[in-house]
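need a 3D model of the sequence below.
(one chain, ligands or ions: 1)
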Amino acid sequence: MIKRIIILNLITLLANWVLNAQSYSKNIADFIKKVENPYNFLSKIETLGIKMSGTTGLDSTFEWLKKISIEAGYMPKVYYFMNTTDTLYNIELVKNGTNDSSILVCAHYDSWVGKGVNDNGTGNFAVYQMAKLLKNLKSKYTIRFIFFSGEELGFKGSYDYVKRIKSNGIKVKFMLNFDQLGGTAGFDNSKVKCEKDEQSSNKILSELLTNKIANCYSIYTTLTPQISQAYLSDYIPFIDSGYIISGLYQYASYPYTHTTDDLLKNIDINTLTETVKGALAALIFLSEIKDTELVNTNKYIINNKINVYLTNGVLRFENLVGFNYKIFDYSGNLIEENIIQINIHETSVKQYAKGIYFILLQKELYCDTKKIFLH
Ligand SMILES: [Zn+2]
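Residues are numbered from 1 along each chain as shown. All right, here's what the predicted structure looks like:
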């Protein structure tokens, strides 16, 4: 009986995947052009230094990823775990969907020996871009964007995360992993590896998922997808725990992994941009964001700007009734929170220390941020 239920479930799942066929969408093709040039992001990753357990580089990268996530409109959730005496942190950004089943979009941010511009600054760029660009769009599935630490220590961060989602009963549709997407400068970067699970009982579903992602590369990018096997990255703990996975990896071999030469000058920026565009198209399709949602993404920002003004230490919110606002300091600590009830809502910020603050405005699924400087 149990066997029959499993088979029936499998058939239903397979039918869902197959019926949900892919065809070219001009709106998706236009939307993925919003992917930014990765140069500044990767320069910052390089400046932040070596990101091994116990280094200041790892701590600074953690702080910086949190900061840019807040600027992108998220309230980062931080989960800690231990590596002997060091405390390490995973960062999770949640974009709610209309369905409580989640798609996990993941990349590790720790490095080994070198500064890790390709391994895995490029994966962080992919996750960050997708989180930022999809923030205000209504999706069927909830999307959890995760930056893992401790990957280079044996997937410690992803093992810890799997333990947490299991104990909290989080429903997972699949996990998508990004590791080393930069391409190698001077090599053949015309292809991208779409990686699937070839060993677990989920291998058929992983293959179907990976084929769909590969298809998006054929439809929307200049890269030729090549199906390959998932190994040695953060999807391993997910495969071990019975989740469906897929992942992206660069095609050309990269001779600088885990060396001090894992630097911006050794990767191919155009390949990375193209890889992120394809992944974004796939995520739009798989999270079931409606085609029409992709046009006019500013529709929930009143008059195309955030109506928040700072004058003489007083913050004024205009015509934002029903919005919830949160004020965070530079480190991401919540300072103040309130729901706006009247057309002109004012709050004094004179009592706060000098520095940069972020104001997060939210209403239903939509939100935006504004940066202010108190001096
Ligand atoms: Zn890696």
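
find the nearest non-adjacent residue to the residue nearest the centre of the chain, please.
Using CA atoms, centre = their mean, the residue of the chain that lies closest to the mean C-alpha position is Val127, 2.9 Å off. Once flanking residues are discounted, Val127 sits nearest to Ala107: 4.7 Å by CB to CB, 6 or more residues apart in numbering. In short, each C-beta sits where N, CA and C put it, glycine included.

just confirm Ser200 contacts Gly242, I think it does.
Yes. Using CB atoms under 8 Å, Ser200 is in contact with Gly242, at 7.2 Å.

mind listing what the closest residue to the ion within the stretch 251-375 of the chain touches?
The minimum distance from the stretch 251-375 of the chain to the ion, using CB to the ion, falls at Thr257 (7.7 Å). Listed by CB atoms under 8 Å, 6 or more residues apart in numbering, the contact set of Thr257 reads Asn118, Asp119, Gln180.

most surrounded residue in these?
Within those, Asn118 tops the neighbour count with 30 neighbours, counted by other CB atoms under 10 Å.

could you pull up the residues touching that one?
Gln180, Leu181, Gly182, Gln250, Tyr254, Tyr256, Thr257, Asp262, Asn266, Ile267.

counting only strands, which of those make the cut?
Of the contacts of Asn118, the ones assigned to strands by DSSP state E are Gln250.

and Phe328, helix, strand or coil?
strand (DSSP: H, G, I helix; E, B strand; the rest coil).

and for it, the neighbour number?
Counted with other CB under 10 Å, the neighbours of Phe328 add up to 22.

which one is it nearest to, not counting chain neighbours?
According to CB to CB, 6+ apart, the nearest residue to Phe328 is Phe358 (4.7 Å).

need the pLDDT of that neighbour.
At Phe358, the model reports a pLDDT of 88.

tell me the phi and psi of the closest residue to Ile342 other than its chain neighbours?
Once flanking residues are discounted, Ile342 sits nearest to Val321: 6.8 Å by CB to CB, 6+ apart. Torsion angles at Val321 (phi, psi; degrees, to the nearest 10) stand at phi -60, psi 130.

got it, and Gly150?
Dihedral angles (degrees, to the nearest 10) for Gly150: phi 70, psi 20.

rewinding a little: and which of the contacts of Thr257 is nearest Trp112?
Nearest to Trp112 among the contacts of Thr257 is Asp119, at 7.5 Å by CB to CB.

state the helix or strand in which Glu63 lies.
helix 56-71 (DSSP states H and E).

for that helix, buried residues please.
Gly57, Leu58, Asp59, Thr61, Phe62, Trp64, Leu65, Lys66, Lys67, Ile68, Ser69, Ile70 (16 or more other CB atoms under 10 Å).

looking at these, which is nearest Tyr89?
Phe62 (5.4 Å).

hang on, the closest one packs against Asn90?
No. Phe62 is beyond contact range of Asn90, at 9.5 Å (criterion: CB under 8 Å).

what residues are shared contacts of those two?
Common contact partners of Phe62 and Asn90 (CB under 8 Å, 6+ apart): Ser149.

doesn't Lys166 belong to a helix?
Yes. When classified by three-state DSSP, Lys166 is found to be part of a helix.

ok now do it, which residues does it touch?
Taking CB under 8 Å, 6+ apart, we find Lys166 in contact with Ser241.

and it, what pLDDT?
96.

distance of it from the ion?
Separation of Lys166 from the ion (CB to the ion, to the nearest Å): 24 Å.

what does Ala29 give?
For Ala29, the distance to the ion - CB to the ion - is 30 Å.

repeat that for Gly242.
Applying CB to the ion, the value for Gly242 to the ion is 23 Å.
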